[in-house]
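# sequence first, predicted coordinates after that:
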Amino acid sequence: MFAHDTPHYSVIPCTLADQPLWSDRRIAHVCGVSPKLVARLRCDGPVAPAAAAREKRVGRDGRARPLKPGAIRGDIAKAIRESPCASLRMIAAELGVSPETVRSVRSELALCRGLAARATPRRARPAGRH
């Protein structure tokens, strides 16, 4: 871990202020520190209101990823339940996610429904018959 007076440490708050949507790993890579240090400074430092309202951060590869993926998947499941005949692209465009994410959630819901249907008790078969 770096001491507070090293050049690496002093660059982190400036980078957080300039690029609030960057992920902790991306900032750590640019500044030459650990992602854990960046995360700790992000939590301890002042949060820009615009950045706090955002739900995504941009990773080292340039792709935007949600801060709370579980919440997004919950929203997708809700949209699928409300309009089951809607296309993957329509739901994806409405929620700002990829169609593949919608497909994944739809498959999980179908799997859960299938498992629930199998869990219901069946009538017992007469002995000796198969």
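On my side now, so go ahead.
# any idea which helix or strand comes after the helix or strand bottoming out on mean pLDDT in the chain?
Least confident helix or strand of the chain, by mean pLDDT, DSSP states H and E, is helix 49-53 with a mean of 48. Downstream of helix 49-53, the next assigned helix or strand under DSSP states H and E is strand 56-58.
# residues of that next one that come out buried?
Within strand 56-58, the residues scored as buried using 16 or more other CB atoms under 10 Å are Arg57. The C-beta positions use only the backbone N, C-alpha and C, and glycine is treated the same way.
# what is it packed up against?
If contacts are counted by 3 or more CB pairs under 8 Å, 6 or more residues apart in numbering; DSSP states H and E, strand 56-58 sits against strand 64-66.
# now the strand it packs on: average pLDDT?
Across strand 64-66, pLDDT averages out at 79.
# tell me the mean pLDDT for stretch 13-25?
pLDDT averaged over stretch 13-25 gives 87.
# low-confidence ranges, the protein, go.
1-7, 46-54, 115-130 (pLDDT under 70).
# quick check: domain ranges of it?
Domains of the chain are assigned by automatic domain parsing as 7-61, 69-119.
# count the residues that sit near Met90.
Close neighbours of Met90, defined as other CB atoms under 10 Å, add up to 14.
# now do the helices in the chain.
7-18, 24-31, 35-44, 49-53, 69-82, 88-95, 99-119 (DSSP state H).
# winner for burial among those helices?
Burial among the helices of the chain, expressed as mean neighbours by mean count of other CB atoms under 10 Å, is greatest for helix 24-31, which shows a mean of 19.
# distance from that one to the middle of the chain?
19 Å (CA atoms, centre = their mean, to the nearest Å).
# thanks again, I'm all set now.
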